[in-house]
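> This is the structure alone, sequence omitted:
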Ligand SMILES: Cc1cc2nc3c(=O)[nH]c(=O)nc-3n(C[C@H](O)[C@H](O)[C@H](O)COP(=O)(O)O)c2cc1C
Ligand SMILES: Cc1cc2nc3c(=O)[nH]c(=O)nc-3n(C[C@H](O)[C@H](O)[C@H](O)COP(=O)(O)O)c2cc1C
């Protein structure tokens, strides 16, 4: 069996961070981000193309100065539950914060989604990027890194314990013997740890995948460590080929160092391909997009996002980049540190830093279908990813990729010609986790 | 316009508390409670009959000695979101605890459901019956009554504040003027109260109903007071005609005393009609059900539920009812107090108390279609309810009511012949709440 590329679709709605101008495209419905039919259509397009999953990012924070439109959106699990019954094969990955949820409720909702979808639920565990979310949950400040990630690890462990509350055959529902639930196959977790106290059991039976698939997105040391310990998929930061390669190798090595099979963690990079009939047309389209999204205030607000929704507009745009090192832990430490380092070494003004952010978002996958397929193959062969989380601006862009690039990848044996399985786990080639409470060997054992 | 009865459907799945034997009925699928297709079919049947809503009860607790099967079930919001896209008119009411949720997340999920369903979301606010839930959320004990209900009131107020984060026209999405969001129409709540601290704004626009419809279920003084202040619907305890009448009058009076229109709180009693071709056949079926559900251990566990999952099996069944007064606040104070009072006044043993619980569940709506329609009309005329929350055991029982009783109610002008509206609010005759932050008069104003 040759190694295959995994593909997921990350719907932008009216625009994610950075797609400032997308909502103005006449092909994009102004209510896309809150229209369930938009998401159902996206999921069906993804399934038609045999993609592994629909991937929904999330935040629990907005304010008036943010590039705000993309934060008017449906809550991911409610969204994916509605999508589930209109699809059969495509995986459904929801981003949910381990900082601003409680494990019993969240584990239950993911188990419900796994039941509703017949085994296609995935959970992208984040500790929350937007530090302003803290004030929506009774806190004044976002948790510090050790607490955020300590809680995240414990949270996932608790969720897994709850998902194992019932052995697979705990509900014989045998009318003859008058046994609906076999109490010996019900297990309370009785967890009492540093961050969480949860008795269990969960009030829903083990789900079709055994456990929903755990994704993770976080680039700090702590984030990578969490991924290596518990994640089965990663939404990786990407960057240059070299950066992606280093990240990939680092994660696989860390995963092995925890005694896990590095094949059992699938690394997805972000990709927003620009595909057109010719390379020239694609580059033209890329420039068009660049113009469309060129919104200085939007990018200024976005810069602030990496420093805890800091309002940079109070600073002189043409003075040297202000000293905001003390805010670097408020958002994403890694991204913030990178921005500060670059501003220092290149002696950039605030305005120049804002403008430099635009380049960071350039896609390596631009061109005619064959060119894009070539780049994807090159990156894949260079061990930069196991999968790509694809984001498109319009339905036409989805179609250009699906009809143009996917068939070439398929011809080259790089992408599936049919779903291997009905579950996300199956399609990603991940094993079903053994129930931690089960005494006897289970069907799921490999 | 003559007053009409409202009808909701409360799906039992494989059985709610007390339906111990239902899962053994060969017409009931053993996985009904976790099968989304079961709920979609129920919702479609309810919609076909022009019912106002599908009503989902909930708990966040289970243990091995409970009559446990009915607690293996889907989480209500995940469930209803999937149901939403397979229906067009029927309301979707989910029970959710104000004790074991955070308002930002819950308000967001209900707003999402309201968007996904096009204005059909309702929230049944409970403070949680099962005190064991506390241990699934890091607490050792369930909150005491003043805290539970103080938090519940504040929680609903916060949710409403979050639902009003955006004025109806906050998203002009006007490409010409380059304005997606009008920041002047975005309002942060900045709530800091006794129980909750939530900054806001919510990250989803105001939903089709303005706000999801608030239901409430709780019978204590505190529960009634909460209902009178904020609820637009109630899942009422029912009981005898006299009890239902007293409760109805009490709630309407209290609601008026808060300056609210008593027409704007719709009181639903529970009804599990038994309908058959003849009165005699219906009574036979009733006895059959009584036998089917006759499970002493199940009823003993259910009794314990009213006292904080107390294990009564440690007591002598034939000794006088034990002194458990100190546990009466652990579950539902009112129900527990009623049980204790009766045990004392009638000098009942534990066994007799358990057996007496069965009678309490007898339905007043048993007979041939005309008989049942007559009883319903009699109760309605006696001002005992505005609506009935109907629970049936099998699809055949749903059909017997819908095909037999509903047409008679319709002939008598007691039930609708078509939906008045596409929203739950519209069908219940409830006004759209005014946005508390809006300066100018809004469309919604009445
Ligand atoms: C590709 C990628 C996608 C992410 N998606 C989200 C998201 O949807 N929501 C969120 O709150 N955080 C998201 N994060 C950020 C994580 O929440 C993480 O906590 C943040 O980056 C700060 O931690 P770190 O320094 O470990 O990266 C994402 C990160 C990456 C790299
Ligand atoms: C008809 C009815 C239905 C109820 N449904 C639920 C439910 O689904 N989940 C729940 O936790 N509590 C439910 N409750 C109970 C409330 O949570 C309430 O807190 C409990 O009865 C104790 O408070 P009280 O003494 O005010 O009634 C229900 C109560 C009634 C009367």
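Okay, I see it. No experiment lies behind these values; they were computed from the predicted model shown. Ligands and ions are numbered 1, 2, ... in the order given.
> pLDDT value on the closest residue in space to residue A:72 that isn't next to it in sequence, please?
Distances taken as CB to CB, 6 or more residues apart in numbering or on different chains put residue B:205 closest to residue A:72, at 5.2 Å, once the chain neighbours are dropped. Where you see a C-beta, it was placed from the backbone N, CA and C, and this is true even at glycine. Reading off the confidence values, residue B:205 has pLDDT 95.
> A strand includes residue B:205, no?
No: with DSSP: H, G, I helix; E, B strand; the rest coil as the criterion, residue B:205 is located in coil rather than a strand.
> Just to check, it is in contact with residue A:71?
No: using CB atoms under 8 Å as the test, residue B:205 is too far from residue A:71 to be in contact (10.3 Å).
> hey, what's in contact with both of these two?
Common neighbours of residue B:205 and residue A:71, using CB atoms under 8 Å, 6 or more residues apart in numbering or on different chains, do not exist here.
> secondary structure element for residue A:419?
Using DSSP states H and E, residue A:419 sits within no helix or strand.
> need the strands for chain A, in chain order.
Using DSSP state E, the strands assigned to chain A run over residues A:6-9, A:53-56, A:91-97, A:121-126, A:191-192, A:197-198, A:213-216, A:233-236, A:266-271, A:274-275, A:366-367, A:387-390.
> In CSV: the ones you listed, plus mean pLDDT.
Conversion of these to CSV gives the following (pLDDT from 0 to 100):
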stretch, mean pLDDT
strand A:6-9, 98
strand A:53-56, 98
strand A:91-97, 98
strand A:121-126, 98
strand A:191-192, 98
strand A:197-198, 98
strand A:213-216, 98
strand A:233-236, 96
strand A:266-271, 96
strand A:274-275, 98
strand A:366-367, 98
strand A:387-390, 98
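> Relative to residue A:209, how far out is residue A:95?
18 Å (CB to CB, to the nearest Å).
> Which parts of the stretch 151-300 of chain A are helices?
For the stretch 151-300 of chain A, the helices identified by DSSP state H, counting those that start in this stretch occupy A:221-230, A:241-257, A:279-292, A:296-305, in order along the chain.
> The first one - contacts with which helices or strands?
In other words, helix A:221-230. helix A:145-163, strand A:213-216, helix A:241-257 (3 or more CB pairs under 8 Å, 6 or more residues apart in numbering or on different chains; DSSP states H and E).
> right, so of the ones you listed, which gets closest to residue B:385?
Of all these, the one in closest proximity to residue B:385, counting by CB to CB, is helix A:145-163 (38.4 Å).
> one step back: now the strands of chain A in a markdown table, with distance to residue A:112?
Formatted as a markdown table, the strands of chain A follow (distance: least, CB to CB, whole Å):
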| stretch | distance to residue A:112 |
| --- | --- |
| strand A:6-9 | 21 |
| strand A:53-56 | 16 |
| strand A:91-97 | 12 |
| strand A:121-126 | 9 |
| strand A:191-192 | 21 |
| strand A:197-198 | 17 |
| strand A:213-216 | 15 |
| strand A:233-236 | 20 |
| strand A:266-271 | 24 |
| strand A:274-275 | 37 |
| strand A:366-367 | 40 |
| strand A:387-390 | 24 |
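> what's the spacing between the closest residue to chain B within the stretch 251-400 of chain A and ligand 1?
Chain B sits closest to residue A:295 of the stretch 251-400 of chain A, with a gap of 8.9 Å, by CB to the nearest CB. Going from residue A:295 to ligand 1 by CB to the nearest ligand atom, to the nearest Å gives 21 Å.
> possible to save the strands of chain A as CSV with mean neighbour count?
CSV is the format used below for the strands of chain A (neighbours: other CB atoms under 10 Å in any protein chain shown):
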stretch, mean neighbour count
strand A:6-9, 25
strand A:53-56, 29
strand A:91-97, 26
strand A:121-126, 28
strand A:191-192, 14
strand A:197-198, 21
strand A:213-216, 27
strand A:233-236, 28
strand A:266-271, 23
strand A:274-275, 25
strand A:366-367, 21
strand A:387-390, 26
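> Tell me which of these sits nearest to chain B.
strand A:197-198 (4.4 Å).
> If you rank every helix and strand of chain A by mean pLDDT, what lands last?
Lowest by mean pLDDT, DSSP states H and E among the helices and strands of chain A is helix A:350-360, with a mean of 85.
> Show me what it is packed against.
Checked by 3+ CB pairs under 8 Å, 6+ apart, helix A:350-360 has helix A:296-305, helix A:333-345 packed alongside it.
> Which residues does it contact?
Residues outside helix A:350-360 that contact it (CB under 8 Å, 6+ apart) are A:18, A:290, A:293-294, A:296, A:299-300, A:302-303, A:312, A:315-322, A:339, A:342-343, A:346, A:348.
> Narrow the residues you listed to just the buried residues.
Neighbour-count burial (16 or more other CB atoms under 10 Å in any protein chain shown) applied to the contacts of helix A:350-360 gives A:18, A:293, A:299-300, A:302-303, A:312, A:315, A:321-322, A:339, A:343, A:348.
> Could you check how far the most far-flung residue of chain A relative to its centre is from residue A:371?
The C-alpha centroid of chain A is most remote from residue A:176, which lies 46.4 Å away (CA atoms, centre = their mean). Note on residue A:176: its distance to residue A:371, by CB to CB, is 65 Å.
> Residue A:339 too?
Plainly put, residue A:339 is 31 Å away from residue A:371 if you go by CB to CB.
> swap in residue A:297?
For residue A:297, the distance to residue A:371 - CB to CB - is 34 Å.
> Would you mind telling me which of these two has the busier surroundings?
residue A:371 (17 against 12; other CB atoms under 10 Å in any protein chain shown).
> Can you check the pLDDT for the more buried one?
Residue A:371 is given a pLDDT of 98.
> Settle this for me: it is touching residue A:281, isn't it.
No: checked against CB under 8 Å, the pair residue A:371 and residue A:281 is beyond contact range at 11.1 Å.
> Please work out which residue of the stretch 201-350 of chain A is closest to chain B.
Nearest residue of the stretch 201-350 of chain A to chain B (CB to the nearest CB) works out as residue A:203 at 4.2 Å.
> ok, that residue - contacts?
A:108, B:59-62, B:71-73.
> try 10 Å this time
Neighbour list for residue A:203: A:104, A:108, A:111, A:162, A:165-166, B:58-63, B:66, B:68, B:70-75, B:130, B:133, B:136 [criterion: CB atoms under 10 Å, 6 or more residues apart in numbering or on different chains].
> what's the spacing between it and ligand 1?
28 Å.
> any idea how far that residue lies from residue A:377?
Relative to residue A:377, and taking CB to CB, residue A:203 is found at 47 Å.
> Kindly report the domain assignment for chain A.
A:6-279+A:364-428, A:295-357 (automatic domain parsing).
> Excluding chain neighbours, what is closest to residue A:291?
residue A:21 (7.9 Å).
> For the nearest residue to residue A:47 once chain neighbours are set aside, give me its contacts.
Nearest non-adjacent residue to residue A:47, counting by CB to CB, 6+ apart: residue A:90, 4.0 Å away. Residue A:90 makes contact with A:8-9, A:42-54, A:83-84, A:117, A:120, A:419, A:424, A:427 under the criterion CB under 10 Å, 6+ apart.
> taking those residues one by one, which sit in helices?
Within the contacts of residue A:90, residues falling in helices by DSSP state H are A:42-48, A:83-84, A:424, A:427.
> ok, stretch A:383-392 near ligand 1 or not?
No: Stretch A:383-392 does not reach ligand 1 (CB under 6 Å from any ligand atom); its nearest approach is 7.5 Å.
> tell me the contacts of the closest residue to ligand 1 within the stretch 301-446 of chain A?
Ranked by CB to the nearest ligand atom, the top residue of the stretch 301-446 of chain A for proximity to ligand 1 is residue A:332, at 3.6 Å. For residue A:332, the contact set (CB under 10 Å, 6+ apart) comprises A:127, A:129-131, A:218-220, A:223, A:237, A:305-308, A:338-339.
> From the residues you listed, keep the buried residues only.
Buried subset of these (neighbour count, 16+ other CB under 10 Å): A:127, A:129-131, A:218-220, A:223, A:237, A:305-308, A:338-339.
> Can you sort out which of those residues also neighbour ligand 1?
Contacts with ligand 1 within the buried ones among the contacts of residue A:332, counted by CB under 6 Å from any ligand atom: A:127, A:129, A:218-220, A:223, A:237.
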